[in-house]
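Participant: The sequence and its predicted three-dimensional model are supplied below.
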Amino acid sequence: MKLSSRAKKLQPSATLAITAKEKALKSQGAKHTLYNLTQALFEEGDEVIVPAPYWVSYPEQITLAGAEPVILNTKEEEGFKIDPEELRKLITPKTRALILNYPSNPTGATYNEIELRRIVDVAMGAGLTIISDEIYDKIIYDGIKHTPVAALGEEVKKATILVNGVSKTYSMTGWRIGYAAGDKEVINAMGKLQGQSTSNPASISQWAALEAYRGPHDIIEARTREFEKRKNYIVERLNSIPGIKCFSPQGAFYAFPNISGFFGKHHNGKEIRSSMDFTEFLLDEAKVAVVPGDSFGSDDHVRISFATSMENIVKGMDRIEEAVKKLG
Ligand SMILES: *Cc1c(COP(=O)(O)O)cnc(C)c1O
């Protein structure tokens, strides 16, 4: 994999976080991992393909590295899945990488092995690096099995940098531990960047993460089944509200309802024209906080987290249902 010129120039810090032989690096959360990674790989003149709706930080981090995020739109009616042909069309001689995130934040879409292979084949055919953010790999529904990109074969594994962390699987967001695994030169360059910026993640967090990974893990599966119940409830409630259409997420813990049915309606003399307008309306009228979809690359949607109690979800849904009746 080609390193950015900034990464090539860097000297290791005296307290280098890793040695040149290692194939993994831990950082202050997966967000920091992705930051190190985009800085190590990309620079001015590079293009990186980001499927939309996307997690908010991918385009921004690519831009911070001086490169250009190229947005690959997916369709709600196709389950927000990447169409390999659409991917092929966006690849240019400048394209360096494809970012995959499945199960996805914000849509909850994921891929089975066959679907994943079709996408990966296109990326591999063009010599792209695959950045695979699999931070929701353990939070998956409807009997679907998570297939890691790197499990698709030796060649694919060589072209892939896996990103993961403890924030979602172990609900350890505040401990700030994420990691990357893959090509040792890239990992080494990330280690140098980290060595000159933040050094290592807090040692107490590293010990806590180690304890989490060592298990026991039965609680993870039990929690996922609990999330699945909430997911089924919230999707059913959302779809029963006229004006709302909600895709049933296959993983992660967000519902991403399409609320564009309310565009053009009014409340207190103000017209709802965007996901931000609808978000403000819900906050004022229902006292329910959602996230506007435009920050994820889709202004027709809002994101609702169901990582909260069933009691809160019932209350929140009741309030949303009542509030939208006031739109005229
Ligand atoms: C939460 C999240 C991250 C970052 O998690 P950290 O708390 O920084 O480890 C990265 N990618 C996606 C898709 C996320 O939802």
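Facilitator: Cool, the structure landed.
Participant: switch to C-alpha atoms for all contacts and neighbour counts from now on
Facilitator: Fine.
Participant: the helices in this protein, which residues?
Facilitator: 5-9, 30-41, 57-64, 84-90, 113-125, 154-158, 184-195, 203-214, 218-239, 275-285, 310-324 (DSSP state H).
Participant: what's the neighbour count on Val290?
Facilitator: 18 (other C-alpha atoms under 10 Å).
Participant: Sorry, slip of the keys, the one I care about is Ala212.
Facilitator: What Ala212 shows, counting by other C-alpha under 10 Å, is a neighbour count of 15.
Participant: now Pro69
Facilitator: 22.
Participant: Same check on Gln61?
Facilitator: As a measure of burial, Gln61 has 22 neighbours, counting by other C-alpha under 10 Å.
Participant: Could you check the pLDDT of the closest residue to it other than its chain neighbours?
Facilitator: In this structure, Gln61 finds its nearest non-sequential neighbour in Tyr35, 6.1 Å apart by C-alpha to C-alpha, 6 or more residues apart in numbering. Confidence at Tyr35, expressed as pLDDT, is 98.
Participant: Over to Pro12?
Facilitator: 83.
Participant: what's the pLDDT at the closest residue to the ligand within the stretch 201-328 of the chain?
Facilitator: Here the residue of the stretch 201-328 of the chain nearest the ligand is Ala252; by C-alpha to the nearest ligand atom that distance is 8.1 Å. According to the prediction, Ala252 has pLDDT 98.
Participant: List the residues that contact Pro84.
Facilitator: 118-119, 122 (C-alpha atoms under 8 Å, 6 or more residues apart in numbering).
Participant: Can you name the residues of this structure that neighbour the ligand?
Facilitator: Counting by C-alpha under 6 Å from any ligand atom, the chain comes close to the ligand at 29-31, 55, 105, 165, 167, 173, 176-178.
Participant: Quick check on those residues: which are buried?
Facilitator: Among the residues of the chain next to the ligand, those buried by neighbour count (16 or more other C-alpha atoms under 10 Å) are 29-31, 55, 105, 165, 167, 176-178.
Participant: okay, the helices of the chain in a markdown table with distance to Glu22 next?
Facilitator: Below are the helices of the chain laid out as a markdown table (distance: least, C-alpha to C-alpha, whole Å):
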| stretch | distance to Glu22 |
| --- | --- |
| helix 5-9 | 17 |
| helix 30-41 | 15 |
| helix 57-64 | 24 |
| helix 84-90 | 32 |
| helix 113-125 | 24 |
| helix 154-158 | 14 |
| helix 184-195 | 6 |
| helix 203-214 | 17 |
| helix 218-239 | 29 |
| helix 275-285 | 44 |
| helix 310-324 | 43 |
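Participant: Gly143 is nearest to which of the ones you listed?
Facilitator: helix 218-239 (10.4 Å; C-alpha to C-alpha).
Participant: If we only consider the residues of the chain next to the ligand, which is nearest to Leu98?
Facilitator: Distances from Leu98 to these, taken by C-alpha to C-alpha, are shortest for Trp55, at 13.7 Å.
Participant: Just confirm that closest one contacts Phe296, I think it does.
Facilitator: Yes. Counting by C-alpha atoms under 8 Å, Trp55 touches Phe296, with 5.9 Å between them.
Participant: Touching both of the two, which residues are there?
Facilitator: With C-alpha under 8 Å, 6+ apart as the test, Trp55 and Phe296 both reach Pro106.
Participant: can the buried ones among the residues of the chain next to the ligand go into CSV with extra columns for pLDDT?
Facilitator: Shown next, in CSV, are these (pLDDT from 0 to 100):
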residue, pLDDT
Gly29, 98
Ala30, 98
Lys31, 98
Trp55, 98
Asn105, 98
Gly165, 98
Ser167, 97
Arg176, 98
Ile177, 98
Gly178, 98
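Participant: Strands - which of those land there?
Facilitator: The strands, defined by DSSP state E, take in 165, 178 from those.
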